[in-house]
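> Could you look at this predicted model? Sequence included:
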2 protein chains.
Amino acid sequence: MPKPSSTHLHQTSLKTSLIERAFAILDQLGPNGVTIRAVARASGVSHAAPANHFADRRQLQTEMAILILDHLLSDVERRSSVEPDRARAYLLSLFEYSQSWPHRYDLLWRKDLVNWEHPQLAANLEEAYQDFIQSLIRRSPRVNSGGEDIETLGTALWAMVHGYAQLRSTRIFEARTDKATGERRIDAMLSLLLGAVFVHSGS
Amino acid sequence: MPKPSSTHLHQTSLKTSLIERAFAILDQLGPNGVTIRAVARASGVSHAAPANHFADRRQLQTEMAILILDHLLSDVERRSSVEPDRARAYLLSLFEYSQSWPHRYDLLWRKDLVNWEHPQLAANLEEAYQDFIQSLIRRSPRVNSGGEDIETLGTALWAMVHGYAQLRSTRIFEARTDKATGERRIDAMLSLLLGAVFVHSGS
DNA sequence: GAGATTGATTGACACTGTCAATTTACAGTT
DNA sequence: AACTGTAAATTGACAGTGTCAATCAATCTC
């Protein structure tokens, strides 16, 4: 029952407006800035209005996480239309997104802010991950080691990119946050892992 | 000027007592539980007493992070005395620590709670990382590719273990948090990377 | 001993999330 | 058209939080 006409005073439903403002605050101030009251304030409603749409703060951020994951996966599709290697598209998008939208990426993996038990969120990630694994298999069925080692490889790749994205902000790896050098480094790491494992090394 | 006798009413200096209690709370409730007031309460002092020892909450948690890193590195040493491969000791300790002390490990990398600009903290991590790289070189100077690729490999290994440790809690990798299967998976991933790159594959 | 300094206490302020009670505005029924 | 019911927004309150200012006590220094 989506009511196209205004329910009360908002042209667009308040819920979507709240989420919009929440993203604006997130991008600017980070996860800690996304308070219920700040979002309400930015939307011009009373501090308790959001309660009608989100049970609590965690649920707001969980719904944001679903949108962030969508956003990220849409970037995978965009890149995949150019890059023939779909597994590579996943990994490069993952890294690029973490650098382009650092606060969104941070929020996504904060399990105190996001409820990863949420069925849709969990299902979307699981689906993406399985698709990633499939694209790895499709990429090159002929692997040095056989069997389920392909899943180990997938886990290693995903974890590596994710870990690198997160640790870069602590400056252990590379002093400055230069995106270009980061991508070059990612590329080298992927070549290392992919090139060494697969029979015909890519790129 | 460490005053061995009681400054006021505490046998041991209040600062160390505060940190002790803070760790107890951290281990039980996670980073969000470590509030200035809760720590003060647990130490039996007024809510503003900690301000004399920590400028703000972030500084308390930053000092905790220094201790956590020490703790983690001491585990590396312990393991290194058994495991001849020191680089491997780093990686396995890193993972095991993240599973044994999940909340401490979480806190360590939370840049909103910990100030990674802190000179001592940054220096300690940098030193450990360089030692890790050195142990990688010492492990096997003969690498397939030459030059600074050893640093790329080091980054890849560290990032992979860290990323795996963090993502395990979101259940993408392995549904249940079984430590044993986790270690087996880590082992497989390390063999993948190390065994493929180095001339004589380890383990 | 007098004075100064360090450390702890109390009280306050501006925030936060969340709940209860209330008011508002719309929709459907008769 | 009036009534009623329901959903949504408001107001007010409560218990927390971090942090600051003023106060108070105890110790150290000369």
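Happy to help now that I have it.

> Checking A:Phe173 next. Helix, strand or coil?
Reduced to three states with DSSP: H, G, I helix; E, B strand; the rest coil, the structure at A:Phe173 is coil.

> For DNA strand D, see how far away it is.
Look at A:Phe173 and DNA strand D: by CB to the nearest atom of the strand, to the nearest Å, they are 29 Å apart. No exception for glycine: its C-beta is placed from N, CA and C like everyone else's.

> For that residue, give me its contacts.
A:Tyr164, A:Leu167, A:Arg185, B:Thr155, B:Trp158, B:Ala159 (CB atoms under 8 Å, 6 or more residues apart in numbering or on different chains).

> State the number of residues packed around whatever residue of chain A ends up closest to chain B.
Here chain A gets closest to chain B at one residue, A:Gly163, 2.7 Å apart by CB to the nearest CB. By the other CB atoms under 10 Å in any protein chain shown criterion, the neighbourhood of A:Gly163 contains 25 residues.

> doesn't B:Leu157 make contact with it?
No: assessed by CB atoms under 8 Å, A:Gly163 is found out of contact with B:Leu157, at 9.7 Å.

> A:Ser100: neighbouring residues, count only.
A:Ser100 has 12 nearby residues by other CB under 10 Å.

> quick one: stretch A:66-86 to chain centroid distance?
10 Å (CA atoms, centre = their mean, to the nearest Å).

> so who does A:Asp112 touch?
Counted by CB under 8 Å, 6+ apart, A:Asp112 has contacts B:Gly30, B:Pro31, B:Asn32.

> could you redo the last one with a cut-off of 7 Å?
With contacts defined as CB atoms under 7 Å, 6 or more residues apart in numbering or on different chains, A:Asp112 is in contact with B:Gly30, B:Asn32.

> so who does A:Ser46 touch?
Applying CB under 7 Å, 6+ apart, the residues contacting A:Ser46 are A:Ala40.

> Can you classify it by secondary structure?
Under three-state DSSP, A:Ser46 comes out as coil.

> can you give me phi and psi for it?
phi -70, psi 160 (degrees, to the nearest 10).

> so how far is A:Arg37 from it?
Going from A:Ser46 to A:Arg37 by CB to CB, to the nearest Å gives 9 Å.

> try A:Leu136
Per CB to CB, A:Leu136 is found 45 Å from A:Arg37.

> Can you name the residues of chain A that neighbour chain B?
For chain A, the residues in contact with chain B (CB under 7 Å from any CB of the partner chain) are A:30, A:32, A:109, A:111-112, A:116, A:125, A:129, A:152-153, A:155-156, A:159-160, A:162-164, A:166-167, A:169-173, A:185, A:188-189, A:192-193, A:196-197.

> Which members of these are classed as buried?
A:30, A:109, A:116, A:125, A:129, A:152-153, A:155-156, A:159-160, A:162-164, A:166-167, A:169-173, A:185, A:188-189, A:192-193, A:196-197 (16 or more other CB atoms under 10 Å in any protein chain shown).

> circling back to that earlier point, mind giving me the packing neighbours of the helix or strand hosting the residue of chain A closest to chain B?
A:Gly163 belongs to helix A:149-167 when assigned by DSSP states H and E. On a contact count with 3 or more CB pairs under 7 Å, 6 or more residues apart in numbering or on different chains; DSSP states H and E, helix A:149-167 meets helix A:86-100, helix A:119-139, helix A:179-190, helix B:149-167, helix B:179-190.

> what's the longest one packed up against?
Just to be clear, that refers to helix A:119-139. By 3+ CB pairs under 7 Å, 6+ apart, helix A:119-139 packs against helix A:57-80, helix A:86-100, helix A:149-167.

> Next secondary structure after the shortest one?
Moving toward the C-terminus from helix A:86-100, the next helix or strand (DSSP H and E) is helix A:102-108.

> rewinding a little: can you tell me which of the helices and strands packed on helix A:119-139 is packed in deepest?
Ranked by mean neighbour count, the helices and strands packed on helix A:119-139 are led by helix A:149-167 with a mean of 23 (mean count of other CB atoms under 10 Å in any protein chain shown).

> Please state the offset of that one from the chain centre?
On CA atoms, centre = their mean, the centre of helix A:149-167 falls 14 Å from that of its chain.

> looking only at pLDDT, what's the mean for it?
Mean per-residue pLDDT for helix A:149-167: 92.

> how big is the angle separating that helix from helix A:179-190?
Per axes from the mean of the first three to the mean of the last three CA atoms, to 10 degrees, the angle that helix A:149-167 makes with helix A:179-190 is 160 degrees.

> who are the neighbours in contact with A:Ala89?
Here A:Ala89 is in contact with A:Val76, A:Arg79, A:Ser80, A:Glu83 (CB under 7 Å, 6+ apart).

> Show me which of the residues you listed is closest to A:Trp101.
Of all those, A:Trp101 sits closest to A:Val76, with 13.9 Å by CB to CB.

> Which of the three states applies to A:Ala40?
helix.

> Next, count neighbours for it.
20.

> what's the distance between it and DNA strand C?
8 Å.

> My read is that that residue contacts A:Asn52, right?
No: the criterion here is CB atoms under 7 Å, and A:Ala40 misses it with A:Asn52 at 10.9 Å.

> Wasn't A:Lys111 part of a strand?
No: read with three-state DSSP, A:Lys111 is coil and lies in no strand.

> Can you read off the pLDDT for it?
At A:Lys111, pLDDT is 93.

> So for DNA strand D, which of the helices and strands packed on helix A:149-167 sits nearest?
helix A:119-139 (20.0 Å; CB to the nearest atom of the strand).

> Next, the angle helix B:149-167 makes with that closest one.
Going by the same axes, to 10 degrees, helix A:119-139 makes 150 degrees with helix B:149-167.

> Please spell out which residues along helix A:119-139 are buried.
Those would be A:Leu121, A:Asn124, A:Leu125, A:Ala128, A:Tyr129, A:Phe132, A:Ile133, A:Ser135, A:Leu136, A:Arg139, for helix A:119-139 by 16+ other CB under 10 Å.

> A:Ile133 versus the residue lying closest to the third one once chain neighbours are set aside, what's the distance?
Using CB to CB, 6 or more residues apart in numbering or on different chains and skipping the chain neighbours, the partner closest in space to A:Leu125 is B:Ile172 (5.9 Å). B:Ile172 is 11 Å from A:Ile133, where distance means CB to CB.
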